[in-house]
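Asker: sequence first, then the predicted structure, then my questions.
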Amino acid sequence: MTMKIMVAIKRVVDYAVKIRVKPDKTGVVTQNVKMSMNPFCEIALEEALRIRESAAAASEVVAVTIGPSHSVDTLRTGLAMGADRGIHVDSAASLYPLSVAKILRKLVQIENPSLLILGKQAIDDDCNQTGQMLAGLLNWPQGTFASKVVLDKEKQVATVDREVDDGIETVCLNLPAVITTDLRLNQPRYATLPNIMKAKSKPIKKFTPEELNVEIKSDLEIVQVTEPPKRKAGIIVSSVDELIDKLKHEANVI
Amino acid sequence: MPNPNGRATLGFRLRSLRRPTYPPLFPSATPSSRFTLHGKCNDVVRREYHQVPSFFNSLTNFSQTRIWGVGIQRKCYGSIAGLVQRNPGFSKLNDDDVRCFEAILGAKNVVQDEDKLVASNADWMHKYKGSSKLLLQPRTTDQVSQILKYCNSRCLAVVPQGGNTGLVGGSVPVFDEVIVSLSSMNKIISFDKVSGILVCEAGCILENIMSFLDNEGFIMPLDLGAKGSCQIGGNVSTNAGGLRLVRYGSLHGNVLGVEAVLANGTVLDMLKTLRKDNTGYDLKHLFIGSEGSLGIVTKVSILTPPKLSSVNVAFLACKDYSSCQKLLQEAKRKLGEILSAFEFLDGQSMNLVLNHLDGARNPLPTLHDYYVLIETTGSDESSDKQKLEAFLLGSMENELISDGVLAQDINQASSFWHLREGISEALMRAGAVYKYDLSIPVEHLYNIVEEMRSRLGNTANVIGYGHLGDGNLHLNISTPHYDDKILSQIEPFVYEWTSKHRGSISAEHGLGLMKANEIFYSKSRETVQLMASIKNLLDPNHILNPYKVLPHSLIS
């Protein structure tokens, strides 16, 4: 039996960019800002590639992205890392986890992958919901916050170590399943020049949400986006007595 | 602690090894007349010897380093004249002097506390250590002027100090010079958003200026590893080079004006904010790169380029040095207006970084003999990337590049830069290091590394890296421990070789104390003589940053 892995990747404001809030407080500035692949998605893709390269050998890794036309650049990055082909769902509208999960469910029905790997969250909205919602919609088992994934191709079982508050929880999932990745799972590879060259000729299939019969709507309304309050400058106290006095009367902590 | 290498006994022998082959300027000069001044401070005091880069210093500083938590074993040794003699013409600091400074600056800004002076007396590599008893922290140009006027009248030697991040011992006292720190003069005075011209005080830390400019949508025309500590006044005084020079040129082009205080306290206001000003001699250039030996820079105006949104970084492998060279030629032609850095490191540098630097990871699947880092900066992300990709793929087809990676996000770009910028730190961790900063025509640039390698055989790890785009090689020789035999193999050979190929023995680090006596390898007698005349004119008592920049036989 051949095994296909689908990975969802998202284009976000680069992790290292200093985020600026729009003056009208409706969101963050994205114009003229460096955009890159969400780091957790990179980890998800790396894991899929490693599974394909390992003895367990999945036959194909399909990378999916949903977003405006520029998202194709991010998809090309995924192809340059080693994904076999890409799917771009073209949508300029604001997307929320439930809409994304519904689109992905449709694509699962088209592609029939045995395994879906997603980042645990995107660093722009920090929702951490898409993987869970998708597993619910598909009625598939889920292994979230994975720090280790072992695949048994014979038994069609994935063993996932999850990072939870009191340590590592190990779960076994019958395939098909949804896995979301945590930071320690792996270190993603770089896109080498030969692979960038190859990626240029890899196929990208295009869909629109309408073609997939998914209505993009939001159950959420963004009221306001504001910057965190600026930290005030500290002061240097001249004596222990002054310190104690300030802790008592100004900070009210002792 | 016993000294395993017997460094203390080596001073005289080493000095004799490092004499330039050029004839002395004043053949009649005898050792006794070498330190005679022409001015009124001509009283002969007892001679003091001070061994400058003592290996003992690094040993005594070792425990301190540990306390700071750096945990790097510092076993560095710099090439400098082993012995420098205190100029007997200089006065010794007394209580009246201190009172006078307190009257000028207020007691708070006159530091005598020994613990507080420790950091200002030594350089960050712990190669050079002075014994100054006084640190002054002026807040205004007028205070700097009053300090210098007083020091000049008293014949007190002065060392101007910025962030103290130099590599050639230029910013630390050699003996008991009064340290004038510009750190408190750290205000940004004005910024013109239309022209991009910034005016600020000399003590502004480079990184602070960068973040100020970042908010305004501009960048500094220079960037260097020490940006978190180094100050703009020091950058200008030493004509610092760094990573953006290939794109924006040197500070001689970007500094539009300076305000400087001469040794006698005269304030020279040359703080123009004009790009064009052909009225007489352009004297500001005297203060750019003269390492504080002609005056103290107190304010600068700098032309800053706008910040462009699209930055791409590629890390490439080449099979031989001639491919790196051809790649540079091609990059200048095909990336032209967007090329912002062309850095180079050899396989040995890479090994060193991978073995000694935390978090370093080879971006390529295999090891190679030569690596090149290319950065482009432009205004259009998609067209810049397209252009760079086309260039890289073309170069790969032409076999100029054997492998390579292109950063897909800022994090990856930083990790590529980390490999190049981390070489210095990796060298420190690897043991003793002999550092040379050479300008050599690109064609011959790597030959010195190969020749040095065959000279030293397997006794040392010879590595070469640097700013290939500027013809600037950092030749570094790393050994587990200091060894005088190795030093004698390196010097004066490295200087002679550089001179023979019409290179410079200091591309961007300056001469400082380390290479003051070696200037003849790069400059003619007549040129150095004119420099000495200028020094005599501007600072007749030679109180400013003594023992540095110019040969001790001429100026002391």
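Answerer: Sure, I can see it. Quick caveat: nothing in here was measured; it's all calculated off a predicted structure. Residues are numbered from 1 along each chain as shown, chains lettered A, B, ... in the order given.
Asker: can you give the distance of the longest strand along chain A from its chain's centre?
Answerer: If you go by DSSP state E, chain A has its longest strand at strand A:142-152. Remark: strand A:142-152 is offset 15 Å from the chain centroid, using CA atoms, centre = their mean, to the nearest Å.
Asker: buried ones in it?
Answerer: Across strand A:142-152, burial judged by 16 or more other CB atoms under 10 Å in any protein chain shown covers A:142, A:143, A:144, A:145, A:146, A:148, A:149, A:151. Backbone N, C-alpha and C define where each C-beta goes, glycine included.
Asker: repeat for stretch A:171-189
Answerer: Neighbour count says stretch A:171-189 has A:173, A:175-182, A:185-186, A:188-189 buried, by 16+ other CB under 10 Å.
Asker: get me the contact residues on chain B for chain A.
Answerer: Residues of chain B found near chain A (CB under 8 Å from any CB of the partner chain) are B:309-311, B:316, B:361, B:363-365, B:381-382, B:389, B:392-393, B:396, B:401, B:403-412, B:414.
Asker: can you pull the contacts of the closest residue to residue B:173 other than its chain neighbours?
Answerer: Using CB to CB, 6 or more residues apart in numbering or on different chains and skipping residues adjacent in sequence, the residue nearest residue B:173 is residue B:130, 3.0 Å away. Shown in contact with residue B:130 (CB atoms under 8 Å, 6 or more residues apart in numbering or on different chains): B:121, B:122, B:159, B:172, B:173, B:174, B:175, B:176, B:177.
Asker: which members of the residues you listed are classed as buried?
Answerer: B:121, B:122, B:159, B:172, B:173, B:174, B:175, B:176, B:177.
Asker: could you pull out the strands for the stretch 101-250 of chain B?
Answerer: Under the criterion DSSP state E, counting those that start in this stretch, strands of the stretch 101-250 of chain B are mapped to B:110-111, B:135-136, B:158-161, B:178-181, B:188-192, B:197-201.
Asker: mind checking pLDDT for the nearest residue to residue B:187 once chain neighbours are set aside?
Answerer: Of all residues not flanking residue B:187 in the chain, residue B:201 sits nearest, at 5.0 Å (CB to CB, 6+ apart). Reading off the confidence values, residue B:201 has pLDDT 97.
Asker: got it, and the one 4 residues further on?
Answerer: At residue B:205 the predicted local distance difference test score is 96.
Asker: sec struct for residue A:160, please.
Answerer: strand (DSSP: H, G, I helix; E, B strand; the rest coil).
Asker: doesn't residue A:181 make contact with it?
Answerer: No: contact between residue A:160 and residue A:181 fails when scored by CB atoms under 8 Å: they sit 9.8 Å apart.
Asker: hey, what's in contact with both of these two?
Answerer: residue A:146.
Asker: now the strands for the stretch 401-550 of chain B?
Answerer: Taking DSSP E, counting those that start in this stretch as the criterion, the stretch 401-550 of chain B carries its strands at B:403-406, B:432-439, B:461-467, B:472-479.
Asker: equivalent analysis for the stretch 51-200 of chain A, please.
Answerer: Using DSSP E, counting those that start in this stretch, strands in the stretch 51-200 of chain A cover A:60-67, A:85-90, A:115-119, A:142-152, A:157-164, A:167-174, A:177-181.
Asker: for the ones you listed, which one sits closest to residue B:242?
Answerer: Proximity to residue B:242, assessed across the strands of the stretch 51-200 of chain A by CB to CB, is greatest for strand A:115-119 (36.9 Å).
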